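[1] Here's my sequence, what's the structure:
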Amino acid sequence: MELPRRFPDRVEVAEVRSEAEVLEAGEEGSATRRLAGRVMARRGHGKLVFLDLVDRSGRIQLLCDVARTGPIDLNLGDVVGAAGSPARTRRGEPSLAVDTLELLARTKRPLPDTFHGLTDIEARYRRRYLDLLMNEDTRADFRLRTRMVSAIRRYLDEHGFLEVETPVLQPRYGGAFAEPFVTHHNELDTDLYLRIATELYLKRLIVGGLERVYELGKDFRNEGVSFKHNPEFTMLEWYEAYADYRDTMARIEELVSTVALETLGGTKVAFRGHSIDLAPPWRRLPFVQALEEHDLWTRDADDLRARLAERGLDTSHDADWAQLVDHAFSHLVEPSLVSPTIVHDYPVALSPFARARPDDPELVERFEYFVGGMELGNAFSELNDAEEQARRFEAQRGLAGGEPGDPDYVEALAYGMPPTGGLGLGIDRLAMVLTGRETIRDVILFPALRERPRATSE
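    Residues are numbered from 1 along each chain as shown. As a prediction, this is how the structure comes out:
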């Protein structure tokens, strides 16, 4: 028997539940509604069968009187369409009193335990379709993520930013210090890189006069995996002409709190065992002061290496003072930044592509912002001097793995870029904060995993 190819004119379960909840116990409405979803539970035998139907909006009970519907030949996990009237049982359960029931898709495999759901962590990530099918919390998390992204776009659009698209395959990688993925274009006979950031292309658009631009998309870094790192991740970057890092601080506070209000209904979240309020103003903390509070600020590399060794940190891979101070901050300071905190004014050795402070050329106008002991993003007053940019590219060739910089970007700057504030925000990490999830894998639908070894036949 061929199953139906469509089931038109359906409404969502949540709508029918709302209609049923206003009825008296034992009452059946007069309107006809059509629902479709998956059968996740079955109770009763004989003349009255109770089915739990689930769609993305929720769950509802189907009241199936076989005198009306005919025999019920369904398995748990089957996808069905039902037509009937909103009703409320004598016990007060919102339901649909079914007139007709159609099988739309037959499951060929048994579902996991429908009471406990899919609880094996590895299986949840590898078979996300089952995780979504069995766990309402997972469905809720990804619905929230979708609302979060929509709210971010809405905020930026309403504040005059243009959403743009820049190349994912790039002839040069730049905008961050990271190991890229490389591929080869056969027709052009050239190597290309999956972008590690969108920065340099977006700033070309500022030169071109678009003034406020943003891109929300995938970046790729061929590096490690951790609770906050995935090789393929979603980033927001924006650039705003005629603004500096102070303006950008105010904007990111406003954006995050606005997004929290729209997605959660408030600014308070529970994350990594802490109750955190995302409402502005956030704490401002100079980078040097942040290290001084942990007795870690010194310009002497040997002294800093000794202090880190006393705290049990392995510094054998830290070649210079810049790497040592970055190690000190990320391992010993960052975890303590639980309340929303903006750490600003970094040493130029850590931030070679930001504008220097006018009162102290050893510090640059850069900030990072943290919630729950985790960095959410990074921002700058952007360097807009072409000659200075070329010098800094040259100075950083070794740290960038031999990458020679981007002459085309330097040429673009030579045409003049307005003073500009730029920012990056990790979308996956913000989703962690808003959902309360403590690993990035929980907020990425299909996270990177090791390939499972194939079974070998004897």
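[2] Could I get the full set of strands for the stretch 251-400 of the chain?
    Assigned by DSSP state E, counting those that start in this stretch, the stretch 251-400 of the chain shows strands spanning 268-271, 274-277, 283-286, 341-347, 356-357, 360-371, 374-381.
[3] Give me the buried positions along the third one.
    Residues of strand 283-286 classed as buried by neighbour count (16 or more other Cβ atoms under 10 Å): Leu285. C-beta coordinates here come from the backbone N, C-alpha and C atoms, glycine included.
[4] Can you list the residue ranges for helices in the stretch 1-150 of the chain?
    13-21, 66-69, 121-126, 128-134, 136-158 (DSSP state H, counting those that start in this stretch).
[5] Quick check: Val80 vs Ala41, distance?
    Per Cβ to Cβ, to the nearest Å, Val80 is found 13 Å from Ala41.
[6] Overlap of the contact sets of those two?
    Leu51 (Cβ atoms under 8 Å, 6 or more residues apart in numbering).
[7] Looking at the two, which is more packed in?
    Val80 (22 against 14; other Cβ atoms under 10 Å).
[8] was I right about the more buried one contacting Asp52?
    No. Using Cβ atoms under 8 Å, Val80 is not in contact with Asp52, being 11.3 Å away.
[9] So for these two, which residues contact both of them?
    In contact with both Val80 and Asp52: Val39, using Cβ under 8 Å, 6+ apart.
[10] list the contacts for the residue lying farthest from the centre of the chain?
    Most distant residue from the mean C-alpha position of the chain: Ala67, 49.6 Å away (Cα atoms, centre = their mean). Neighbouring residues of Ala67 by Cβ under 8 Å, 6+ apart: Lys47.
[11] Could you do Leu278 as well?
    256-257, 260, 267-269, 340, 371, 433.
[12] got it, and Glu254?
    155, 280.
[13] Spatially nearest residue to Tyr415, not counting backbone neighbours?
    Val207 (5.7 Å; Cβ to Cβ, 6 or more residues apart in numbering).
[14] Can you give me the neighbour number for the one you found?
    Neighbour tally, Val207, other Cβ under 10 Å: 19.
[15] Tell me how far it lies from Ala431.
    32 Å.
[16] And Leu194, by the same measure?
    22 Å.
[17] And the two? Which one has more around it.
    Using other Cβ under 10 Å, the more surrounded residue of Leu194 and Ala431 is Ala431, with 23 against 19.
[18] three-state assignment of that one?
    helix (DSSP: H, G, I helix; E, B strand; the rest coil).
[19] Report the contact partners of it.
    Contacts of Ala431 (Cβ under 8 Å, 6+ apart): 141, 144-145, 148, 437, 443.
[20] could you dump the residues you listed to a markdown table with neighbour count, pLDDT and distance to Arg221?
    Formatted as a markdown table, the contacts of Ala431 follow (neighbours: other Cβ atoms under 10 Å; pLDDT from 0 to 100; distance: Cβ to Cβ, whole Å):
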| residue | neighbour count | pLDDT | distance to Arg221 |
| --- | --- | --- | --- |
| Asp141 | 20 | 98 | 24 |
| Leu144 | 16 | 98 | 26 |
| Arg145 | 22 | 98 | 21 |
| Met148 | 22 | 98 | 22 |
| Arg437 | 19 | 98 | 21 |
| Val443 | 24 | 98 | 18 |
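[21] May I ask which two of those are separated the most?
    Spanning the widest gap among those are Met148 and Arg437, at 12.6 Å by Cβ to Cβ.
[22] quick revisit: who wins for neighbours among the contacts of Leu278?
    Val256 (26 neighbours).
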